[in-house]
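Enquirer: Below is the sequence, then the predicted model.
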Amino acid sequence: MATNDRRGLVLVMTGHGKGKTTAVVGLALRAAGNGLSVAFFQFLKGTWNYGELEVLAGVPRIDVERMRAGYSWEPNRLEEDRALAAAAWKKARAAVLSRDHDLVILDDVNYVVHYRLLALQELLDLIRRKPSRVHLALTGRSAAPEVIEAADEVTEMADLKHHFRAGILAQPGIEF
Ligand code: ATP
Ligand code: MG
């Protein structure tokens with residue numbers, strides 16, 4: 001499956017425009033379709049039921065873990081949020097270091113760092129210690145400049161127009 005000459009890349013999808021999670025869902029499918037094994041960790045705690053992750057979990061060679069460890073948007077929950085983020089991080093970090101997967105996706109990890117639920121240094125250390133053949137994809141708004149610097153490829157989704165501002169709410173199949 002894995003070839004000796006493969007160079008593991010650090011990919012970042014960031015920016016305020018839509019398309020970061022859907023980009024890495026596509027990446028997971030492409031990788032699995034080419035024989036790579038994939039771990040997809042979703043960090044952000046959301047109220048949406050992300051239908052794509054259920055489908056992904058049924059795809060051969062893709063493991064999906066939803067960790068519900070992001071910012072809860074509720075007051076007085078910071079310590080609990082930090083503890084959830086720490087537990088989620090421990091799992092994700094172990095998955096990268098284990099070499100069990102060719103591609104590890106940490107969806108919304110940038111956001112978790114931005115809200116200081118996870119120390120930036122933790123993420124930078126993992127990027128540095130990543131096994132050389134493992135690909136690592138990091139998504140989420142507001143990627144830290146240090147993460148951008150450390151990455152091999154950075155894509156910024158720009159919000160040129162979003163239907164939400166025209167009063168159109170999230171649509172099943174488009175937003176979740
Ligand atoms: P998607 O999951 O559609 O690929 P995303 O991962 O880039 O989007 P997030 O930053 O994770 O977006 O935001 C989560 C939710 O907010 C998603 O439902 C997404 O569709 C929606 N969203 C993304 N960008 C915008 C925007 N500029 N204005 C309003 N809603 C947005
Ligand atoms: Mg997203």
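Expert: Now that the structure is in, tell me what you want to look at. Ligands and ions are numbered 1, 2, ... in the order given.

Enquirer: Look up which residues are beta-bridged to the residue nearest in space to the middle of the chain.
Expert: What sits nearest the mean C-alpha location of the chain, by Cα atoms, centre = their mean, is residue 107, with 1.5 Å. Here residue 107 sits in beta bridges with residue 42, as judged by DSSP bridges.

Enquirer: Wait, it touches residue 50, no?
Expert: No: in this structure, residue 107 sits apart from residue 50 without contact. The criterion is Cβ atoms under 8 Å, and the distance is 9.4 Å. Placement of C-beta: from N, CA and C, glycine included.

Enquirer: intersection of neighbour lists for the two?
Expert: With contacts taken as Cβ atoms under 8 Å, 6 or more residues apart in numbering, residue 107 and residue 50 have 21, 42 as neighbours in common.

Enquirer: Report the separation between the residue of the chain found nearest ligand 2 and ligand 1.
Expert: Each residue of the chain has a distance to ligand 2, by Cβ to the ion, and the smallest belongs to residue 21, at 3.2 Å. Using Cβ to the nearest ligand atom, to the nearest Å, one obtains 3 Å as the distance from residue 21 to ligand 1.

Enquirer: can you tell me which helix or strand that residue belongs to?
Expert: Mapping residue 21 onto the secondary structure by DSSP states H and E places it in helix 20-33.
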